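> A predicted structure for the sequence below; I have some questions about it.
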Amino acid sequence: MASDKVVEFTDANFKSEVLNADVPVLVDFWAEWCAPCRALSPTIDAIAGEFDGKVKVGKVNVDDNQGISIEHKVTAIPTVMIFKGGEMRKKFVGLTSAGDLSAALNELVAN
């Protein structure tokens, strides 16, 4: 992971790190072999910096964490989901702009 502000979420820590978090959480479901996922990575790093202290940002490697990927019905990558209060509130599939992600996060941080 390029940014020290981006957490690695796994099947083992997803509940504690994401579902039980007291702040909104952005989760990027990705894989090493996925070119669009790699293209999205700088955007995820930028979002992590922009929302540092207000939102937790992390990644789930779908190859290494198939359980959580299946549980959340990830059928295409990259998929970005935003959780708040243990519930998925927003979902983006495919390359997504920093503006769209920021807008979604600002909406959840404000409420």
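Happy to help now that I have it.

> would you map the helices across this structure?
Remark: helices assigned in the chain by DSSP state H are 14, 35-50, 66-71, 98-110.

> for the second one, buried residues please.
By that I understand helix 35-50. Under the neighbour-count criterion of 16 or more other Cβ atoms under 10 Å, helix 35-50 has 37, 40-41, 43-48, 50 buried. (C-beta placed from N, C-alpha, C; glycine too.)

> among the helices of the chain, which is nearest Gly86?
Across these, Gly86 has its closest neighbour in helix 14 (11.0 Å, Cβ to Cβ).

> and the helix or strand bottoming out on mean pLDDT in the chain, what does it pack against?
Lowest on mean pLDDT, DSSP states H and E among the helices and strands of the chain sits helix 98-110, with a mean of 93. Judged by 3 or more Cβ pairs under 8 Å, 6 or more residues apart in numbering; DSSP states H and E, the packing partners of helix 98-110 are helix 35-50, strand 79-84, strand 87-93.

> now the ones you listed as a markdown table including mean pLDDT and distance to Glu17?
Converted to a markdown table, these look like this (pLDDT from 0 to 100; distance: least, Cβ to Cβ, whole Å):
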| stretch | mean pLDDT | distance to Glu17 |
| --- | --- | --- |
| helix 35-50 | 95 | 14 |
| strand 79-84 | 97 | 10 |
| strand 87-93 | 96 | 15 |
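
> out of these, nearest to Ser16?
strand 79-84 (12.6 Å).

> reformat the helices of the chain as TSV; add distance to Ser3.
Converted to TSV, these look like this (distance: least, Cβ to Cβ, whole Å):
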stretch	distance to Ser3
helix 14	20
helix 35-50	4
helix 66-71	21
helix 98-110	14
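
> how about the contacts made by Gly49?
If you count contacts by Cβ atoms under 8 Å, 6 or more residues apart in numbering, Gly49 has them with 3, 5.
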